[in-house]
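Trainee: The following block contains a protein sequence and its predicted model.
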Amino acid sequence: LRVAVLVSGSGSNLQVLINAAQAGALPIEIVGVISNREDAYAITRANDAAIPVAVLSHVASGKRMSIKTFETHANAQLTTWQPDVIVLAGFMRVLSASFIDNAPAPMINLHPALLPAYKGLDTHQRAIQAGERHHGCSIHIVTAELDAGAVLTQALLEVNYKDTADSLQARVQKGEHQLLPWTLLLIAKGIIDLDNPPEDTKSSYL
Ligand code: GRF
């Protein structure tokens, strides 16, 4: 399975994929990484693993690259890599409907909440404030509507009374590190067909 990864930050999820692929534990090839931030640590991780990287910084030379310019470059780059799936792993820029529709492969996103609950930002704080007993993370198909495409997989955890947004974030991130390789394995095996996503979400408890 040829996988392209879009990142904006630390890239710990990217690292999990790199490690799993290198260990032969996951039948994927990471064909390229796109970062929209030139200071993302994910770039170092990709370089260390000799994976092609395109840095399409939205703050290059002090000027914000327009989303249109970013998308034109990103689409061209992705097209040359010929991915089977494009993974948004901590990618923090909203993409346009036309980019999503014209992407050279289906796109999936990792979101730190149990969708459809808590779309958007500050998910951990909002889950605590609402008194949720359960929280977690989801992988869903990217559609033009933010965090709203079909949910493919989820990792669930219990919230306990001592949890803070930070402690929850740490546990959710551990969940992400299991959920992402697991989901790609299900895609590689054909258990999840991205062109015809299953209606029932596959979930695992942490
Ligand atoms: C993840 O927690 C993701 O859910 C959030 O950004 C984080 C990315 O982490 N939106 P990393 O860059 O993979 O370390």
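Mentor: Structure's in. What do you need?
Trainee: Need phi/psi at the residue lying closest to L26 once chain neighbours are set aside.
Mentor: Take L26 and drop its neighbours on the chain: the residue closest to it by C-beta to C-beta, 6 or more residues apart in numbering is A20, 3.9 Å away. From N, CA and C alone the C-beta is placed, and that goes for glycine too. Phi and psi for A20, reported as degrees, to the nearest 10, are phi -70, psi -40.
Trainee: ok, now which ones touch A20?
Mentor: Neighbouring residues of A20 by C-beta atoms under 8 Å, 6 or more residues apart in numbering: 26, 28, 181.
Trainee: Longest helix of the protein, counting residues only.
Mentor: In terms of residue count, the longest helix belonging to the chain (DSSP state H) is helix 165-188.
Trainee: in that helix, what counts as buried?
Mentor: Buried residues in helix 165-188, defined by neighbour count with 16 or more other C-beta atoms under 10 Å: 168-169, 171-172, 175-177, 179-188.
Trainee: Contacting the ligand as well, which ones from the residues you listed?
Mentor: Filtering these for proximity to the ligand (criterion: C-beta under 6 Å from any ligand atom) leaves E176.
Trainee: Got the domain ranges for the protein?
Mentor: Per the record, the chain has its domains at 1-94, 106-206, by automatic domain parsing.
Trainee: With distance to I100 added, can I get these in JSON lines?
Mentor: Shown next, in JSON lines, are the domains of the chain (distance: least, C-beta to C-beta, whole Å):
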{"stretch": "domain 1-94", "distance to I100": "9"}
{"stretch": "domain 106-206", "distance to I100": "6"}
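Trainee: is it possible to export the ones you listed to CSV including mean pLDDT?
Mentor: Shown next, in CSV, are the domains of the chain (pLDDT from 0 to 100):
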stretch, mean pLDDT
domain 1-94, 94
domain 106-206, 96
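Trainee: Could you look up the SS state of S203?
Mentor: Under DSSP: H, G, I helix; E, B strand; the rest coil, S203 falls in the strand class.
Trainee: what about it, distance to the ligand?
Mentor: Distance of S203 to the ligand, computed by C-beta to the nearest ligand atom, to the nearest Å: 17 Å.
Trainee: Equivalent analysis for L78, please.
Mentor: From L78 over to the ligand the distance is 19 Å, taken as C-beta to the nearest ligand atom.
Trainee: Doesn't that residue lie inside a helix?
Mentor: Yes - secondary structure of L78 (three-state DSSP): part of a helix.
Trainee: I'd like to know how many residues surround it.
Mentor: 22 (other C-beta atoms under 10 Å).
Trainee: Roughly how far does it sit from D193?
Mentor: Distance, L78 to D193, by C-beta to C-beta, to the nearest Å: 20 Å.
Trainee: Which secondary structure state does whatever residue of the chain ends up closest to the ligand sit in?
Mentor: Of all residues in the chain, G90 sits closest to the ligand, at 2.5 Å by C-beta to the nearest ligand atom. With three-state DSSP as the basis, G90 sits in coil.
Trainee: Repeat that for A54.
Mentor: Secondary structure, three-state DSSP: A54 is strand.
Trainee: residues contacting A42?
Mentor: A42 is in contact with 7-11, 14, 33, 35, 90, counting by C-beta under 8 Å, 6+ apart.
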